[in-house]
Structure formats: C-alpha cells, structure tokens
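Student: I would like the atomic coordinates for the input below:
(2 chains)
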2 protein chains.
Amino acid sequence: MYTVFAGGVGASRFLQGLCQAVDPAAVTVISNTGDDVEMFGLHVSPDTDIVIYALAGAVNPDTGWGLRGDTFAVVDQLQKFGYERWFNLGDRDLAMAIHRTRQMREGRPMHEVVGGLAAAWGLTCKVLPMANETVRTMIAGPEGEIAFQEYMVRLRTEVDVRSIRFDGVEKAKPAPGVLEAIGGAEAVFIAPSNPFVSIGPILAVPGMREALANTRATRVAVSPIIAGQVVKGPAAKMMTSLGYEVSALGVARIYQGLVDLFVLDVEDRELAPAVEALGMRTLVTDTMMTSMERKRELAEDILNAIGTGR
Amino acid sequence: MYTVFAGGVGASRFLQGLCQAVDPAAVTVISNTGDDVEMFGLHVSPDTDIVIYALAGAVNPDTGWGLRGDTFAVVDQLQKFGYERWFNLGDRDLAMAIHRTRQMREGRPMHEVVGGLAAAWGLTCKVLPMANETVRTMIAGPEGEIAFQEYMVRLRTEVDVRSIRFDGVEKAKPAPGVLEAIGGAEAVFIAPSNPFVSIGPILAVPGMREALANTRATRVAVSPIIAGQVVKGPAAKMMTSLGYEVSALGVARIYQGLVDLFVLDVEDRELAPAVEALGMRTLVTDTMMTSMERKRELAEDILNAIGTGR
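Tutor: Numbers count the residues shown, from 1 in each chain, chains lettered A, B, ... in the order given. Next up, the predicted model:
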C-alpha cells in the first residue's frame, strides 16, 4: 500500500509515475479539497480532477489541468448572464462538476462521490478527499482575504500573500479511509506540490499530523522546488512573501519532523547535507518528470531508496 | 397590453408574429412551467426557453427548440457518469439551466429568474411563469404515471395517454404579475399550443380561469390543429386517446366558455359554423406560420378581427 498526499499538477505527474512503477490498485491518493470552489452554482474540485484526469490519461498536456481537447461553449455562454469568464471550465470538465454537484446535493458524502468519479474514469487506484467537510483555503493579501481560486486564477497570483488560513478545517475530520491509508501504508508520499496551499490543508485536518507521526510507513517528501524555482504554480512566490528560503532546503524545513526521506533534484545536490541536518535521509535524483519514463523512474528511484523502511 | 398563454414551439411562432405586429413591450407571455424538469440536477424549463430563444432570434430553426448551432459536449460527457442521453440539452442551452438553477437555489422566485433570463436575451416583452410554485405535468399511460418530458422526449410520445394530472397545481398561485396581465389586457391570446399539456397546466392554476372569466380583454384562441393534424407535438394523439375529435372544432370545445374569438385555418373553414354554435366568434385565416411574414400577418389578422373588443 502506497499513500500519496496530493495537490494538483505536480502531484498528478508524480502519481502517473508511481502508478507505472507499482500496481495502481495499491495506491491511495489523499486529495486536497481546500481549493474547491463553487462556480456557477457547481462544485468544482480542481486538485482532485487534475489527479483523476492525469491518471486517466485525459489531462490537457499543455496546461496540466482540464481535459485534452475540451471546448468552452458553456462558460462562453454564461457571460450572457453576467458571469465573469476568469474560471475557464471546459464543457467536458463541467460535466464532472455537474455530476459531483448533483450527488452532493443528494447528500452523498464527498469520499463516495470522488470514489465514483475515479471509477467512472476507469482508475483502479483509490482517490479520497482529505475530508468530507468543507474546507476553504483563504489567502490574506494587502486588500484583505480572498478564496484560493480567486488568488490563483482570477488574480493570477499577482497578490502579496501575507497569511493563509484554512476556513472550516477545525471542524473537518479525515475522510473515511484516510487514516487507514496512512496507518496501513508501506510508504506515505508528500507529492511535489505547493507545501502551503496543496499539502498545507491536508496536514491541517485534525488528526492528520498524528496519523503521519504514528504510521510505521516510510514518509517521503519530494521537493516541488528545483534550483530555487518552482516547476508549476505559485509556491516560490508564496515562500518568499511568507519569509521562507525559496529552495528545496526551505521546503525541507517546512516538513521537518514529518518525513523520513526527502527527495531533491540533482541540481540541488549541494543542499543534501543541510537537509540531512534537519533529521531526514535524502535522495538526490532527477525530479523534473519531463516524460512518462522519467516519472516512472523517479518513483522507482524512491521505492529503491525506501528499502526496508524508516 | 397583450397577454399570451404560451406553451412551446407553436406559441413561440405565434409570439414572433405578435411581437412584429405590436410593440413587444406591450406583450406579456404567461409561460407553461408544467413540463419543467430536473435533468442532471439542473432545472430545465423547456417551454419558457423555447419562447425566449425564438423571440431572441436564436432558436434552432430545424427543431423549433434549443439554440441554433449549439454543441452537445456536456451531455455526451455525462454518459460517462451513467446518465442517459435522451434529453438532448445543448451546451449553450445548458448554460441557461445552470444560471436558472443557481438563482433558484439562492431562493429567488421563479418570476424574477425568468424575467432576468428574458432580459439577458434582450427581450423587451415580459415573460412570466404561470406560477412560482412547482407544478409537474404527469402522464398516466398503461404502465403507470410518468413525467411529461419522459413521455415526450424519452418515450417519443409512443404511449397511450389515459389521463393527465398537474402535480402540485392545487398549491400553486398565479405568479406575481399574471393576474394583472390578464385583467389589464386589451386581448388575451391562447397560443396555438397543446390544449392539454401546454395550456392545460396554465388554466389549472387556481384563480386563472376566474381571471380569464372576469377580464374585459377580448379572449382569443388559435387552433393548434389544422385540417385534422397538429403542426408540431403530440396534441392530435392525445386528443384521440382522451376521446376528443381531432379537429379545430375539438379544440374549440375544450375552450368553450373561455374564449370570445376562435381562429381557424382556411383549410378548416367549413368548421366555422359549428365553432360559432359553441358561442364564439370565428376568424378564418392562414394559421400555418411558415414564414416570419405569415406570422406577423396572422397576428395582424387577429388584431383586426378583435376590433373594438368582445
């Protein structure tokens, strides 16, 4: 059993490799739902859908999110009714949101809904939301607090992030199956996702850090920062504005005490001793995941490094 | 002020002509919502949308419903999640349903929602639902009772109709503005729509028949049956299975006591004396509405026939 704490694009690429390296049926994804958003009255789960689409081989390779070859007739038309066009949800992507919304309105718990969506896309791995309760990542900037998707999509991250809050998280519980997936795993991976807004909400769910502390699994984090730069998304910007060093070492400091093995890119090999000084083993390898082969090799490198446990 | 009891395709064609013949701002549409349906968790109002699309010049001319040039990416994709494909809602059509559903979930009354939709499409006439409450036209056939859209779209009317019931109508009230539109009109038109399932639900709303009885407006019905055949829809089939004569005279009998002027096609001129014997004046004219010009001329013919009132 392999369990993966997952955000969006980076996590989806890591998962593509892992599901090549091991039997996908042995993989459980714990998906960030803190950046879920209600758009046009529909419940949209960007991170979860990115993971599902990527593992189904259907993700748009140009963007890393959305569906390959999707069209945008509905969002175009919605402008007639005064909706802004900043959230560019494709037509086939929207079908997913329609189905999810309908099931949630009928009272089905989120973990059942997400499980059904993953199955509909033919996945054999298990995809779980971090929690069934509503948690919303809120970004506090100079003009006040905004929801994550507004920061990320509407304002294109052009806001100085002063603090991050996970609204509702104190009432959330790990979704059914999440604690078992952490406790029963051979390895728990923190995917190369944004530590603040992708992994942060998952770790903020009460009971999640304790589960990670108590598991006998080897706990592995893969740095989303390579040579001081982020592959995708606003992690580097956030690290700077929140006072962290923008480097794999900065990431390792955030996860200090939570992980046994920290994976850095070959470009960051000189940081390995400093990371090890934080009390983690390190693996230095190519983490760029530029092809499906490299994705699989990264997973294999890590599985080899795990060896017989922590 | 002109007020029109309206179903779907036939009514939309009649309204296109009327809105050419008079200032559309003087026209109020009272729209059948008995065939509204929840599809994919979205509130769809087929008759109302047909009227809005037709008056906006955007209706699909091949079908009489839906939007010209619409695509079907969302309903195609929804099959992945187990939905049947029988309700062929286009992508841009679906945007209307998404907006309507969202507004209704926020608690806005239907007449405000419909008014906003009509305005968004640039209409200057007023479009009102018959009632803000939920009314559902139920068709009883040999296998039991089904909702109207199932009968109409999924089963393509291939069911022997034994009776028709308007579920919830006893709790419905004419929507705000409806009674005023009937009471204050110069003429009230019953459009050439299905008397049972398009006009029937409107007339079944408590208070509607009384308003029609008490108005000083000239009350005009246009036959949807021409030469024993219906132009569009299942009206003829329903008349047969419910024991009515399939003719303009059969329609006139249904409206006996409710209308002052009955409009028949030239093909049915020999029925005029029998209709007049029911206590209505008649107008015999070309009612086929095969072009925008003929639509306008039909409205003008009727307005001329109304003269100085009932």
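Student: From here on, just use CA atoms for contacts and neighbour counts.
Tutor: Noted.
Student: tally of neighbours for whatever residue of the stretch 151-300 of chain A ends up closest to chain B?
Tutor: Ranked by C-alpha to the nearest C-alpha, the top residue of the stretch 151-300 of chain A for proximity to chain B is A:R154, at 20.2 Å. Per other C-alpha atoms under 10 Å in any protein chain shown, the neighbour tally for A:R154 reads 15.
Student: close enough to count as contact, it and A:E84?
Tutor: No: using C-alpha atoms under 8 Å, A:R154 is not in contact with A:E84; the gap is 9.4 Å.
Student: list the residues that contact both of these two?
Tutor: Taking C-alpha atoms under 8 Å, 6 or more residues apart in numbering or on different chains as the contact rule, A:R154 and A:E84 have no neighbour in common.
Student: quick one: low-confidence parts of chain A?
Tutor: A:308-310 (pLDDT under 70).
Student: Walking through it, point out its strands one by one.
Tutor: Along chain A, counting by DSSP state E, strands occupy A:2-6, A:27-31, A:37-39, A:42-44, A:126-129, A:136-141, A:144-147, A:163-167, A:187-190, A:218-222, A:225-226, A:229-230, A:261-265, A:281-285.
Student: any chance of these in a markdown table, plus distance to chain B and mean neighbour count?
Tutor: As requested, those are exported to a markdown table (distance: least, C-alpha to the nearest C-alpha, whole Å; neighbours: other C-alpha atoms under 10 Å in any protein chain shown):
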| stretch | distance to chain B | mean neighbour count |
| --- | --- | --- |
| strand A:2-6 | 24 | 27 |
| strand A:27-31 | 20 | 27 |
| strand A:37-39 | 10 | 16 |
| strand A:42-44 | 8 | 21 |
| strand A:126-129 | 16 | 26 |
| strand A:136-141 | 20 | 21 |
| strand A:144-147 | 20 | 15 |
| strand A:163-167 | 22 | 19 |
| strand A:187-190 | 30 | 26 |
| strand A:218-222 | 34 | 25 |
| strand A:225-226 | 36 | 22 |
| strand A:229-230 | 34 | 18 |
| strand A:261-265 | 38 | 26 |
| strand A:281-285 | 39 | 19 |
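Student: Of all those, which one is nearest B:R102?
Tutor: strand A:42-44 (8.2 Å; C-alpha to C-alpha).
Student: Who does that closest one pair with, and is each partner parallel or antiparallel?
Tutor: Paired strands of strand A:42-44, with direction, are strand A:37-39 (antiparallel) (DSSP bridges).
Student: hmm, back to that, spit out the contact partners of the residue of the stretch 151-300 of chain A closest to chain B.
Tutor: By C-alpha under 8 Å, 6+ apart, A:R154 lies in contact with A:W86, A:F87.
Student: Can you tell me how far it is from A:D91?
Tutor: 19 Å (C-alpha to C-alpha, to the nearest Å).
Student: now the residue sitting furthest away from the middle of chain A, nearest residue through space, not along the chain?
Tutor: Most distant residue from the mean C-alpha position of chain A: A:K80, 33.6 Å away (C-alpha atoms, centre = their mean). In space, and not counting its chain neighbours, A:K80 is closest to B:A120: 6.3 Å by C-alpha to C-alpha, 6 or more residues apart in numbering or on different chains.
Student: For the one you found, the count of nearby residues, please.
Tutor: The burial count for B:A120: 15, using other C-alpha under 10 Å.
Student: Surely it and A:Q79 touch.
Tutor: No: at 9.8 Å, B:A120 does not count as touching A:Q79 under the criterion of C-alpha under 8 Å.
Student: show me the contacts for A:R105.
Tutor: Contacts of A:R105 (C-alpha under 8 Å, 6+ apart): none.
Student: ok, it to A:S45 distance?
Tutor: 15 Å.
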